[in-house]
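Asks: Need the 3D shape of this:
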Amino acid sequence: MLKTLNASIEVNSEVTKNIRIAIIRTDYHQEMLKRLEQKCRETLQNHHVSEEHIKTFIVPGSWEIPVAARTAAESKKFDVIIAFGIILKGQTYHFEMIANECARAMMQLSLNYGIPIINEVLAVNDMRHAEERSGLDDKNKGIEAATAALKIFATLEKIKHE
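Replies: I've put the predicted structure just below:
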């Protein structure tokens, strides 16, 4: 069965049904992060990803996401890692430091281990922006994360089998 996630990439559910996904999310802003994960899981399951193939790991904050992602990548149990966090801009450089280093580390891990890491660590200026991106509507970034995970997995499988 072929599902179209957008006009440019088609994902064959026969290819993605056995995808194994690690979701790593932070413990901060739990209500919004649970909604991101919920929409992500719904989207994955709507594309025939088995619930048993989706595992969630919770870390204290966004700073800790890369080390958990590295451990997940090293385990070789997952095909894609999805990271969720919310970093709220404050009055110090802390916001930039955490957001930049978290993104840099995840990209480096992705390249080093050859495993896609979908970065939905939201660096936002205020809570309103976080709420907009984690609502229960179609603007929820969990949907975007699941879609990206399925697309990159399908593309990598295609490359491997060419």
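Asks: for the spatially most central residue of the chain, what are its contacts?
Replies: Nearest to the mean C-alpha position of the chain, by C-alpha atoms, centre = their mean, lies residue 82 at 2.3 Å. Contacts of residue 82 were listed using C-beta atoms under 8 Å, 6 or more residues apart in numbering, and they are 21-24, 40, 117-118, 120, 145-146, 149. In short, each C-beta sits where N, CA and C put it, glycine included.
Asks: at 7 Å what do you get?
Replies: Taking C-beta atoms under 7 Å, 6 or more residues apart in numbering, we find residue 82 in contact with 21, 23, 40, 118, 120, 145, 149.
Asks: If you tally nearby residues, what's the number for the closest residue in space to residue 38 that isn't next to it in sequence?
Replies: Of all residues not flanking residue 38 in the chain, residue 142 sits nearest, at 6.7 Å (C-beta to C-beta, 6 or more residues apart in numbering). When neighbours are counted by other C-beta atoms under 10 Å, residue 142 registers 27.
Asks: Residue 142 touches residue 36, doesn't it?
Replies: Yes - contact criterion C-beta atoms under 7 Å: residue 142 and residue 36 qualify, at 4.0 Å.
Asks: circling back to that earlier point, now for the contacts of residue 82, which pair is the farthest apart?
Replies: The span of the contacts of residue 82, defined through C-beta to C-beta, is set by 21 and 120 at 12.8 Å.
Asks: Adjacent strands (with direction) for the helix or strand that contains residue 81?
Replies: Per DSSP states H and E: residue 81 is located in strand 80-88. Paired neighbours of strand 80-88 in the sheet (DSSP bridges): strand 21-26 (parallel), strand 117-124 (parallel).
Asks: before we move on, the earlier item: gap between the residue nearest to the centre of the chain and residue 157?
Replies: Taking C-beta to C-beta, to the nearest Å as the measure, residue 82 and residue 157 are separated by 17 Å.
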